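Student: Have a look; sequence and predicted model below, questions after that.
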Amino acid sequence: MPRRPATTYAGRIAAATPSPSGPSLTVTVSPTSPPTPFDTRGYALPRRHLVCAVARILRSPVSPSPLLDLADYIGSLRVTLTAAEASEVIKALAPDAALALGFFRFAATSLPGFRHDAFSYNRILVLLFRRRADPAEAVRLVAEMERDGVPGNISTVNLLVGMGVEVWRCLELAEKWGLKLSGYTYKCVVQAHLRSREVWKGFEMYEKMRRKGYKLDIFAYNMLLDALAKAGMVDQAYHVFKDMKQNNCEPDAYTYTILIRMSGKAGNTTICLSFLEEMVSKECVLNLIAYNTVIEALGKNKMVDKVFLMLSKMIESGCQPNQFTYSVMLDILATGGQLNRLNEVLDICSGHLNMSVYSYLVKSLCKSGHASEAHNVFCRMWSSYEKGDRDAFVSMLEALCNAEKTAEAIDLLHMMPEKGIAMDVGMYNMVFSALGKLKQVSFISNLYDKMKANGVVPDVFTYNIMISSFGRVGLVDKASELFEEMEASSCKPDVITYNSLINCLGKNGDLDKAHMLFEEMQDKGYNPDVFTYSILIESFGKSSKVDMACRLFDQMIAEGCVPNIVTYNILLDCLERRGRTAEAHRLFETLKQQGLTPDSITYSILEKLESRSQRNVRIRKPNRSTGWVVSPV
């Protein structure tokens, strides 16, 4: 049998030359374009060789203008691409979105006789969808479709819904194009409503879908159930779950997790337990999320014994608790007043405890004010590991300081190096502050000496705390000595340091030194703040030097430092004590003009002024909305 040629050719006679042996013909030969193939339904099939050639020309790295090259190539073949072939080219160019979009525009405007159809538009929509393009781009593309008279198909609607175009607009387009919504379209619309937090609309669309005989898949059912549960639509969630089983869609662990969480939150203990039993009977494998959800639901319904049972089953199944598990357990025990059972939790989870878990428990208990329980966990951690966790140690140290257990705090501070934790100045400052509040200054001195012996350098906070602490108990010489030591070191005083020492000197009657320090502070470039002036005004006022207190007040205003209600109260009290009632009343008027709100201290001073004043003054206390008011009779 003769072999058929792979390619057929067409030729035309270009020239005829006479010769003795007969005429000689010159023929120009060119391959004929293969006919467009069709499928069994009569639709044109893409010409693969043409699609590949077009894609190759457009991807050419050497061509400065591949679209012009493509136009020349198409023109030389005297063919026109079909919409299906253009769609295949777009698919081939998809990794380069800009090139694919450029070809899409080029085909519509530069290829003679070419017209996009719904499939090629859908291909561009898919490209935009994968790029997570703005829905506005999809809307513009649909506007082009309508302008060119190209009706979309149901895939177009599905893509638009998935891209985030408004659901009402998508449904309007489907109706305009005369399309019947498919089950997949309904599913997309339901999920679109849920993503937009329009849970009720999503449920209504689900009901419409159900009446049409369509059903969701497991992922969509779970999404709907989760949205209904979070929106508090409990009855609707139960209804969807019932439909789900009737449609032979088998619930999974995530389905039951949603229902258990919802039932537990709603306080439906019986239903919650029934879902748990059904979940186990279905042999659903409980994962970490499922166990945590069940434990939380049982805890909210105060079923503490069942919580411990579930925690034990969780450990037996090899599921390792996470931080959320422990936080739920702490909350359950604390709410139920059973934090004494925390050791049971630690015993059950002993195989999964590590340094980070202990650290989390210590920090959480300290933060919630359960210092004793935190200490028990801390001691267990201490005996379990050679190295310590810095965060846990700092949390425990802070808890001891807040609980005024300064001796234990100092012991812990000195034991830190045993667990490989370096002490720093912040830890010492924490203890210094606690000692200062309790006026345990003898401990401060000893701890300060040990701090320097351990090579920890004090910072400005250390000095400020110590100067303030010594000043609080009247040890002026010690406070001054620390100030001089600070000035001689690399750590220089700040405004708070000066305020602390000025306060110390002023309250202990050494006004001259306090005022000299105030002037020295200004000479060195430190700007006194409202606290500085208030200290000095109070000190001079209590020493019967009211004129000096008033001059300081005027100086304060002249320097641009705005007095607060505390400053006004201090000066008002000074004027009242010296019987200077007229000045006190003028100062009160100034206070109101400055927009400050008098407090209870202000009015207690004014009541004293009333008893001194020779003129009648009515002081009344109106309702809460108007505040305090003083008005002359």
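Tutor: Structure's in. What do you need? Numbers count the residues shown, from 1 in each chain.

Student: so where's the chain shaky on pLDDT?
Tutor: Low-confidence segments of the chain, defined by pLDDT under 70: 1-44, 612-633.

Student: So which residue is dead centre in it?
Tutor: Nearest to the geometric centre of the chain sits Phe324, at 16.9 Å (Cα atoms, centre = their mean).

Student: List the contacts of that residue.
Tutor: By Cβ atoms under 8 Å, 6 or more residues apart in numbering, the contact set of Phe324 is Asn292. For glycine as for every other residue, the C-beta is placed from the backbone atoms N, C-alpha and C.

Student: before we move on, what about the one 4 residues further on?
Tutor: Contact analysis of Val328 by Cβ under 8 Å, 6+ apart lists 292, 295-296, 299.

Student: Of these, which is the most crowded?
Tutor: Scoring the contacts of Val328 on neighbours with other Cβ atoms under 10 Å, the highest-scoring entry is Ile295 at 25 neighbours.

Student: Isn't that one up against Asp331?
Tutor: No. In this structure, Ile295 is not within contact of Asp331 by Cβ atoms under 8 Å, at 10.4 Å.

Student: OK, contacts around Leu216?
Tutor: So Leu216 contacts 187, 190, 206, 209, 224, 244, 249 (Cβ under 8 Å, 6+ apart).

Student: same thing but at 10 Å, please
Tutor: With contacts defined as Cβ atoms under 10 Å, 6 or more residues apart in numbering, Leu216 is in contact with 183, 186-187, 190-191, 206, 209-210, 222-224, 240, 243-244, 247, 249.

Student: Kindly report the same for Phe461.
Tutor: 425-426, 428-430, 432-433, 491, 494, 496-497 are the contacts of Phe461 under Cβ under 10 Å, 6+ apart.

Student: and if you look at Tyr463?
Tutor: Contacts of Tyr463 by Cβ under 10 Å, 6+ apart are 429, 432, 479, 482-483, 485-487, 489, 491-494, 496-497, 500-501.

Student: Which of those residues are buried? Put it as a ChimeraX command.
Tutor: What follows is the ChimeraX syntax selecting those of the contacts of Tyr463 that are buried according to 16 or more other Cβ atoms under 10 Å:
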select :429,432,479,482,483,486,491,493,496,497,500,501
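
Student: Sitting in strands, which of the contacts of Tyr463 do you find?
Tutor: For the contacts of Tyr463, not one is inside strands, with DSSP state E as the criterion.

Student: so where do the strands sit in the stretch 501-633 of the chain?
Tutor: Secondary structure of the stretch 501-633 of the chain by DSSP state E, counting those that start in this stretch: the strands cover 617-620, 629-632.

Student: Are there residues contacting both of Ile295 and Asp331? Which ones?
Tutor: Contacts common to Ile295 and Asp331, judged by Cβ under 10 Å, 6+ apart, are absent.

Student: what about Phe588, distance to Asp599?
Tutor: Phe588 sits at a distance of 12 Å from Asp599 (criterion: Cβ to Cβ, to the nearest Å).

Student: Quickly list what's touching both of these two.
Tutor: Tyr568.

Student: which of these two has more neighbours?
Tutor: Phe588 (20 against 14).

Student: now Pro95: how far from Ser281?
Tutor: 49 Å.

Student: ranges for the helices of the stretch 451-600 of the chain?
Tutor: For the stretch 451-600 of the chain, helices defined by DSSP state H, counting those that start in this stretch occupy the ranges 460-472, 476-488, 495-507, 511-523, 530-542, 546-558, 565-577, 581-593, 600-612.

Student: And the helices in the stretch 51-200 of the chain?
Tutor: Counting by DSSP H, counting those that start in this stretch, the helices of the stretch 51-200 of the chain are 66-77, 83-93, 97-110, 118-130, 135-147, 154-162, 167-176, 183-195, 199-211.

Student: Need these in TSV (columns: mean neighbour count).
Tutor: TSV is the format used below for these (neighbours: other Cβ atoms under 10 Å):
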stretch	mean neighbour count
helix 66-77	15
helix 83-93	21
helix 97-110	16
helix 118-130	19
helix 135-147	15
helix 154-162	22
helix 167-176	16
helix 183-195	20
helix 199-211	18
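
Student: Which among the ones you listed is found nearest to Arg47?
Tutor: helix 83-93 (6.3 Å; Cβ to Cβ).

Student: list the helices and strands the closest one packs on?
Tutor: Where contact means 3 or more Cβ pairs under 10 Å, 6 or more residues apart in numbering; DSSP states H and E, helix 83-93 is packed against helix 48-58, helix 97-110, helix 118-130.

Student: Report the inter-axis angle for it versus helix 66-77.
Tutor: Angle between the axes of helix 83-93 and helix 66-77 is 140 degrees (criterion: axes from the mean of the first three to the mean of the last three Cα atoms, to 10 degrees).

Student: so helix 83-93 versus helix 48-58, what angle?
Tutor: Going by the same axes, to 10 degrees, helix 83-93 makes 50 degrees with helix 48-58.

Student: how big is the angle separating helix 83-93 from helix 118-130?
Tutor: Using the same axes, to 10 degrees: helix 83-93 against helix 118-130 is 20 degrees.

Student: Run the chain-centre distance for helix 83-93.
Tutor: Remark: helix 83-93 is offset 42 Å from the chain centroid, using Cα atoms, centre = their mean, to the nearest Å.

Student: can you check stretch 441-460 too?
Tutor: Using Cα atoms, centre = their mean, the offset of stretch 441-460 from its chain centre is 41 Å.

Student: Buried ones in that stretch, by neighbour count?
Tutor: In stretch 441-460, counting by 16+ other Cβ under 10 Å, buried: 441, 443-444, 447-448, 451, 456, 458.

Student: of these, closest to Ile421?
Tutor: Val456 (12.9 Å).

Student: The closest one and Pro66: what is the separation?
Tutor: 70 Å.

Student: now swap in Val240 and tell me
Tutor: Counting by Cβ to Cβ, the gap from Val240 to Pro66 is 53 Å.

Student: Next: Ala434.
Tutor: For Ala434, the distance to Pro66 - Cβ to Cβ - is 76 Å.

Student: and if you look at Glu398?
Tutor: From Glu398 over to Pro66 (counting by Cβ to Cβ), the distance is 68 Å.

Student: residues in contact with Asn564?
Tutor: Asn564 touches 530-531, 534, 594, 596, counting by Cβ under 10 Å, 6+ apart.

Student: out of those residues, which are buried?
Tutor: 531, 534, 596.

Student: I'd guessed the first one sits against Gly506; true?
Tutor: So that's Phe531. No. Applying Cβ atoms under 10 Å as the test, Phe531 and Gly506 come out as separate, 11.9 Å apart.

Student: Look up how far Pro46 lies from Leu552.
Tutor: Leu552 is 93 Å from Pro46, by Cβ to Cβ.

Student: who's in contact with Glu85?
Tutor: 36, 44-48, 50-51, 54, 79, 107, 114, 120.

Student: Same question for Met430.
Tutor: 394, 397-398, 400-402, 409, 413, 461, 465.

Student: most surrounded residue in the residues you listed?
Tutor: Most surrounded of those: other Cβ under 10 Å gives Leu400, at 26 neighbours.
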